[in-house]
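> Let me see the structure of the following:
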Amino acid sequence: MTEEQIKFAAEHYSVALLQPRQTYAAARLKELNPAITVLCYKCLSSTRSYETEGPYTSGVSYAEAEQVEQSGEQWFARRSNGELIEWTGYPGHYQMQVWSPSYRWHWVRNVTTELAGSPFDGVMADNDIHGDYYGLNLPIQGARNVKKFHRGLDRLVKDAGRALNAGGKILVPNIAESRETPGKWERHSAYGGGFEEVFLGWSATDFLDQPSALAQMKQMMGNHHPVSLGQVHEMGVHSPRLTLLRASTDGQDDHPNFLAALAAFWVFGAGHWSALSAGGHDAHNGTPWREELAWDLGTPHGDAVMSKGAWVRRFSQGWAAINLGPKKSGTLTLPPGLVSASGPAPSNLVLPAHGGVIFRYTWN
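Numbering: from 1, shown residues only. Next up is the predicted model:
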């Protein structure tokens, strides 16, 4: 991360996600902006053979897992023929037995020890999986189906969250497909927050259908409320849970999916969700930005309503609309006095499929 990126992030962002080795950048961000939340990346489900020196992106290193297996324990997941399982599309990433109590214990111990006294505020825990994304081709040794992974990750998130909270840190899992398991988002975000990496769609051109998008909203909607008093005491922090959202684009900040995600952020979240970003597939070394991210549309004037095929919501200082469907909307009539980032708003407009807009009043 360059000094220019650090200064930009400190000025514009409320949350930053960094690799474990980027401790200087984490400390510099906190120096420039003490209010920013800086999270350290860790993978819940894999270890990486190409990482020969710490700090590691996984909770246990490949070398540590090999050493443990020489003593008779088994942390690596294996196919029926005994082979290690290297993730499809991610060379050097090996699936771990997340259902192993020993693996989980060492993951928690290693991560909490590493973060103690560090500038990081907590962990963004990747690969809190729902399905078989990486070519596991179940059944495998010890796991007939993906439910075995779900149970192990439930336990790992709970154990890691409690341990990190006890040390004044937070845990923010990348909670995959939360809409498929009602209540999972609430459980797994209980230790600091949750991350939705595929907000509204899997790629720049592959979108959730409207029922699935609405189910996604439903699971996350309550997450902007402050944590309970019991959780505040346990975590030692006085802040709402984080809800981190990432939309898929072609990597350009002017991609329409970025603005559509921001529109959904307002229409369904009323601006209470914590942070939103967008980027290309596996594009992690950037500082995405749109001017509208800094806008405050004020308080909502009523709930989101369906109008001409789009979801629309009015605010004290603006107006937002999102079309979650595969066809263009009907003609929407806008209140007078609105402006976009580029100039005066039209009096009416038609939203393209999966398109969104936000406007604010000229007096802002």
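> quick one: least confident helix or strand in this structure?
helix 229-235 (a mean of 31; mean pLDDT, DSSP states H and E).
> Following that helix in sequence, what is the next regular element?
As assigned by DSSP states H and E, the chain's next helix or strand after helix 229-235 is strand 242-248.
> Which strands border the helix or strand harbouring residue 320, and is each parallel or antiparallel?
Here residue 320 sits within strand 318-322, counting by DSSP H and E. Using DSSP bridges, the strands paired with strand 318-322 are strand 310-315 (antiparallel), strand 356-361 (antiparallel).
> winner for burial among these?
strand 356-361 (a mean of 24; mean count of other CB atoms under 10 Å). Every C-beta, even on glycine, is put in place using the N, C-alpha and C of the backbone.
> I'd like the average pLDDT over it.
Strand 356-361 shows an average pLDDT of 97 in the prediction.
> Can you give me the buried ones in stretch 57-68?
Buried residues in stretch 57-68, counted by 16 or more other CB atoms under 10 Å: 57-62, 64-65, 68.
> Out of the strands paired with strand 318-322, which is closest to residue 106?
strand 356-361 (44.1 Å; CB to CB).
> Just say helix, strand or coil for the most centrally placed residue in the chain.
Central residue of the chain (CA atoms, centre = their mean): residue 195, 2.3 Å from the mean position. Under DSSP: H, G, I helix; E, B strand; the rest coil, residue 195 falls in the strand class.
> quick one on the thing from earlier: let's see which of the buried residues of stretch 57-68 end up in helices.
Using DSSP state H, 62, 64-65, 68 are the members of these that sit in helices.
> quick one: which of those residues is nearest to residue 181?
Nearest to residue 181 among these, with distances taken as CB to CB, is residue 65, at 28.2 Å.
> give me every residue that touches the nearest residue to the closest one once chain neighbours are set aside.
Among residues not flanking residue 65 along the chain, residue 75 sits closest, at 4.5 Å (CB to CB, 6 or more residues apart in numbering). Going by CB atoms under 8 Å, 6 or more residues apart in numbering, residue 75 touches 60, 65, 68-69, 96-97, 100, 102-103.
> Which of these scores worst on pLDDT?
In terms of pLDDT, the weakest of the contacts of residue 75 is residue 69, which scores 91.
> What's opposite residue 247 in the beta bridge?
Under the criterion used (DSSP bridges), residue 247 bridges to residue 278.
> doesn't residue 258 make contact with it?
Yes. At 5.9 Å, residue 247 and residue 258 qualify as touching, with contact defined as CB atoms under 8 Å.
> can you list residues touching both of these two?
The contact sets of residue 247 and residue 258 overlap at residue 278 (CB under 8 Å, 6+ apart).
> For the residue nearest to residue 65, give me the pLDDT.
For residue 75, the pLDDT comes out at 97.
> What of residue 329?
For residue 329, the predicted pLDDT is 97.
> ok, it - contacts?
So residue 329 contacts 308-310, 321, 323, 350-351 (CB under 8 Å, 6+ apart).
> For PyMOL, write the select line for the buried members of those.
A single PyMOL command selects the buried members of those (16+ other CB under 10 Å):
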select buried, resi 308+309+310+321+323+351
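> Among the contacts of residue 329, which one lies nearest to residue 289?
Of all the contacts of residue 329, residue 321 has the smallest distance to residue 289: 22.0 Å, by CB to CB.
> where do the helices sit along the protein?
3-12, 23-32, 62-70, 101-115, 147-166, 184-188, 210-221, 229-235, 256-269.
> now the fourth one against helix 23-32, angle please.
Angular relation of helix 101-115 and helix 23-32 on a 0 to 180 degree scale: 50 degrees, by axes from the mean of the first three to the mean of the last three CA atoms, to 10 degrees.
> other SSEs contacting helix 101-115?
If you count contacts as 3 or more CB pairs under 8 Å, 6 or more residues apart in numbering; DSSP states H and E, helix 101-115 packs onto helix 62-70, strand 122-128, helix 147-166.
> So for it, what gets flagged as buried?
So helix 101-115, judged by 16+ other CB under 10 Å, has buried residues 103-104, 106-108, 110-112, 114-115.
> Let me have the residues you listed in a markdown table, adding distance to residue 285 as columns.
Output for the buried residues of helix 101-115, formatted as a markdown table (distance: CB to CB, whole Å):
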| residue | distance to residue 285 |
| --- | --- |
| 103 | 29 |
| 104 | 30 |
| 106 | 29 |
| 107 | 25 |
| 108 | 28 |
| 110 | 25 |
| 111 | 22 |
| 112 | 27 |
| 114 | 22 |
| 115 | 22 |
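> and of those residues, the nearest to residue 33?
Among the buried residues of helix 101-115, residue 115 lies closest to residue 33 (CB to CB), at 19.5 Å.
> pretty sure that closest one is touching residue 122, no?
Yes. Proximity of residue 115 to residue 122 meets the contact threshold set by CB under 8 Å, at 7.4 Å.
> Between these two, which contacts overlap?
Common neighbours of residue 115 and residue 122 (CB under 8 Å, 6+ apart) are 40, 164, 169.
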